[in-house]
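S.K.: quick check, what structure comes out for this input:
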Amino acid sequence: MLLHRLTTDLYGCNAEVCSASVVEQTLQNALEAAEFKILGRTLVNFQPHGATAVFVLAESHAVISTWPEVLFASLDLALCAKAERGESVIEAMNKLLMPKSIVTKRSISQPDFQLNKTPEQDADMRNVR
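M.R.: Numbers count the residues shown, from 1 in each chain. Below you'll find the model as predicted:
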């Protein structure tokens, strides 16, 4: 299993579209369009500004946080799916927030899960005590 991590920072966002409900709905629509299965979601509004929307996916998770007072948003996607599906989600958020600049960090990892080992055996295997 490969885990794709896509972390996107959006600078100089349009503050008028940083409302929690608009960002949440756009992210939901983008996830559904990319055929991710949404298992749950939570939206938190912060006072006086900003919001965080968390989507639990069958393929892992998607989180967006906004700081409209400084025109910034951060999107984190962790996906056990093809990275291209995540790229389309980034593009949708980019179109909504219209940032002046965007930085995306991409990584791929292959977690070493030992499903038939006890935590002690797994720690011994990695020389962690």
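S.K.: for this structure, what helix or strand is lowest in average pLDDT?
M.R.: Ranking every helix and strand in the chain by mean pLDDT, DSSP states H and E puts helix 119-125 at the bottom, with a mean of 50.
S.K.: in the protein, where is pLDDT below threshold?
M.R.: Within the chain, the set of residues satisfying pLDDT under 70 comprises 1, 111-129.
S.K.: that one: strands as residue ranges?
M.R.: Listed from the start of the chain, the chain has strands (DSSP state E) covering 3-11, 38-45, 51-57, 60-67, 72-79, 101-109.
S.K.: quick one: the ones you listed as a markdown table, columns for distance to Lys95 and mean neighbour count too.
M.R.: Every residue, glycine included, has its C-beta placed from N, CA and C. What follows is those, written out as a markdown table (distance: least, C-beta to C-beta, whole Å; neighbours: other C-beta atoms under 10 Å):
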| stretch | distance to Lys95 | mean neighbour count |
| --- | --- | --- |
| strand 3-11 | 11 | 18 |
| strand 38-45 | 20 | 13 |
| strand 51-57 | 17 | 19 |
| strand 60-67 | 14 | 20 |
| strand 72-79 | 13 | 21 |
| strand 101-109 | 11 | 12 |
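S.K.: need those in TSV with distance to Ser21, can you?
M.R.: Compiled in TSV, the strands of the chain are given as follows (distance: least, C-beta to C-beta, whole Å):
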stretch	distance to Ser21
strand 3-11	18
strand 38-45	8
strand 51-57	8
strand 60-67	11
strand 72-79	15
strand 101-109	23
